[in-house]
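Student: just the structure for this:
(2 chains)
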Amino acid sequence: MIECLCMVQAGQISADAEAALRDETNAFSERAFSAPAVMNWIVVPERSGYTAARPSTSVIVSMQSNRKLSQSERVTLLKELCDIWMKGANRSMEEVVATIRDPEG
Amino acid sequence: MPLYICNTKKGAIDDAAKPKIASDITDIHCEVTGAPPTFVHVFFFEEAPQPPLSNKTAIVFGTIRGGRTDDQKAQMVDRMRNAVHTHANIPLDDVVALTTDTPASWVMEGGDILPEPGEEAAWLAAHQAKIDAANAD
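Tutor: Model (predicted):
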């Protein structure tokens, strides 16, 4: 199981888009880590998200790998993850923040 | 990144105070670290399970790029606690602020791996050049 935290702004992602993003992120996890994603989907309430001190349109996706990654592999995976979220959430490149963490310990 | 999560008891911070606190947190982070404001995210929640309130009224939990000094972190959390106290009228003792480090190399924002602390200007210049080149195509 791969922990996956997804933070999105209220009202900016439709139910259909959410369902597709969940599926595609899970498929990414299976490809990258040979394990399904455990999704923690968090919606930032209206008037509660700010980026650069302005109302935020950003999405934040954070996954924890089940193995230590080389940096070149991490970059490749992060690019793929960002692409999934840019397309699925209809965000620009500047609006997607993605993290892939190594396992703890 | 950084991402600051402000979790509070229900109703502790009204909608009018949120942009003021977000602005202060952004300014504080940028003044202390030299990071550009475009990197700074501030999200507010009420009674979220994480980060736990632990009998406090408000907690500001920042996930920041690794490499900041202990003095920088201490300055930031002290000033951020005061910002919440001032704008939300919450007693200072009921506000907690803390940070945790994440390696910059683990984070992609704007399609690029984030710079190490101190390398932001070169990163922003290269990033903007990439955007300009893409727009010119």
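Student: could you find the closest non-adjacent residue to the residue nearest the centre of chain A?
Tutor: In chain A, the residue lying closest to the centroid (C-alpha atoms, centre = their mean) is residue A:61, at 2.5 Å. Closest residue to residue A:61 apart from its sequence neighbours, by C-beta to C-beta, 6 or more residues apart in numbering or on different chains: residue A:98 at 4.8 Å. (Each C-beta comes from the backbone N, C-alpha and C, glycine too.)
Student: repeat that for residue B:48.
Tutor: Per C-beta to C-beta, 6+ apart, closest to residue B:48 is residue B:7, 4.9 Å.
Student: cool, residue A:42 as well?
Tutor: Spatial nearest neighbour of residue A:42, excluding adjacent residues (C-beta to C-beta, 6+ apart): residue A:7 at 4.9 Å.
Student: dihedrals phi and psi, that neighbour?
Tutor: phi -120, psi 120 (degrees, to the nearest 10).
Student: what's across from residue 7 in the sheet?
Tutor: Just going to use chain A. residue A:42, residue A:60 (DSSP bridges).
Student: actually it's chain B I care about, not the one you picked
Tutor: Beta-bridge partners of residue B:7, as defined by DSSP bridges: residue B:45, residue B:59.
Student: ok, back up a step: quick one: the residue nearest to residue B:48 from chain A, how far?
Tutor: 11 Å (C-beta to the nearest C-beta, to the nearest Å).
Student: for that residue, list the residues it contacts.
Tutor: Contacts for residue B:7 were tallied using C-beta atoms under 8 Å, 6 or more residues apart in numbering or on different chains; they are B:44, B:45, B:46, B:47, B:48, B:50, B:51, B:52, B:53, B:58, B:59, B:61.
Student: repeat that for residue A:56.
Tutor: Neighbouring residues of residue A:56 by C-beta under 8 Å, 6+ apart: A:9, A:44, A:49, A:50, B:41, B:43.
Student: try 10 Å this time
Tutor: By C-beta atoms under 10 Å, 6 or more residues apart in numbering or on different chains, residue A:56 lies in contact with A:7-9, A:12, A:44, A:48-50, A:95, B:22, B:41-43.
Student: and for residue A:11?
Tutor: Contacts of residue A:11 (C-beta under 10 Å, 6+ apart): A:43, A:45, A:46.
Student: residue A:94 contacts residue B:130, doesn't it?
Tutor: No: if you go by C-beta atoms under 10 Å, residue A:94 and residue B:130 don't touch, sitting 11.3 Å apart.
Student: just so I have it, where are all the strands in the chain?
Tutor: In the absence of a named chain, this looks at chain A. Secondary structure of chain A by DSSP state E: the strands cover A:2-9, A:37-44, A:49-51, A:54-55, A:59-64, A:96-101.
Student: was after chain B, sorry
Tutor: Using DSSP E, strands in chain B cover B:3-8, B:41-46, B:58-65, B:95-102, B:107-109, B:112-113.
Student: sorry, back to before: how much space separates the residue nearest to the centre of chain A from residue B:50?
Tutor: 16 Å (C-beta to C-beta, to the nearest Å).
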